[in-house]
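Peer 1: Give me coordinates for this.
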Amino acid sequence: MKSRPNEPPMPDPLGFFLTWSTYGTWLPGDERGWIWHDHGEQRPDPIRKLEAEAVMTEDACRLDQDERRIVEATIKQHCAIRGWNLHVVNCRSNHLHVVVSANEHPDMIRKQLKAWCSRKLKGHQQNRFRSDGLSRPVREKWWAERGSGRYLTSEASLEAAIIYVRDCQ
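Peer 2: Predicted coordinates:
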């Protein structure tokens, strides 16, 4: 793995701890704090949260049990197809965690998983609406724009992430 200038090389990761939220459930300015891309953790900012809410194009996305099962199955299937070692996945109503080992950048892995899950969820939503005879708009935005991808560079960090995702949600 490439290192940054003037720093010792980082060990190759054993895996990645990926996390992302559903659309609109953890906005900039959130009272729990929030992460500003390339700027780190930020304090709550009620004005910024109101501004973020004002530009949302859909309601916040909360996944039901069926949708959560679809997400987990899709991630398992996509990891198998790509030859990635999926250690654990846990989809909640407003976020999910994945621990995976792959010879890819974690941002690319997360983008692929989000895209495939969106496709499957959209298809499920279209089929459900057709079966009940109602015409509703199909959700376009399922996920927050980004997410996190932590490098797991030791057996201990890999095991801790697996335990957290499997047992502490």
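Peer 1: Can you give me the distance of the residue lying closest to Asp45 once chain neighbours are set aside to Ala54?
Peer 2: Spatial nearest neighbour of Asp45, excluding adjacent residues (CB to CB, 6 or more residues apart in numbering): Gly29 at 4.0 Å. Where C-beta positions appear, they are placed from N, C-alpha and C, glycine not excepted. Distance from Gly29 to Ala54, counting by CB to CB, to the nearest Å: 11 Å.
Peer 1: so how many other residues sit close to the residue nearest to Asp45?
Peer 2: Neighbour count for Gly29, taken as other CB atoms under 10 Å: 19.
Peer 1: Tyr151 versus that one, what's the distance?
Peer 2: Remark: distance between Gly29 and Tyr151 (CB to CB) = 28 Å.
Peer 1: quick one, longest helix in the protein?
Peer 2: Criterion DSSP state H: the longest helix present in the chain is helix 106-131.
Peer 1: Next secondary structure element downstream of it?
Peer 2: The helix or strand immediately downstream of helix 106-131 is strand 148-152, counting by DSSP states H and E.
Peer 1: centre of the chain versus the helix or strand just after that following strand, how much separation?
Peer 2: Scanning forward in sequence from strand 148-152 by DSSP H and E, the next helix or strand is helix 155-167. Centroid separation for helix 155-167 versus its chain: 17 Å, with CA atoms, centre = their mean, to the nearest Å.
Peer 1: Run through the bridge partners of Gln21.
Peer 2: Quick fix: residue 21 is Ser, not Gln. Note on Ser21: beta-bridge partners His95, judged by DSSP bridges.
Peer 1: pLDDT value on it, please?
Peer 2: pLDDT, Ser21: 93.
Peer 1: I'd like the numbering to begin with 668 instead of 1 from here.
Peer 2: With 668 as the first residue, the last one maps to Ser688.
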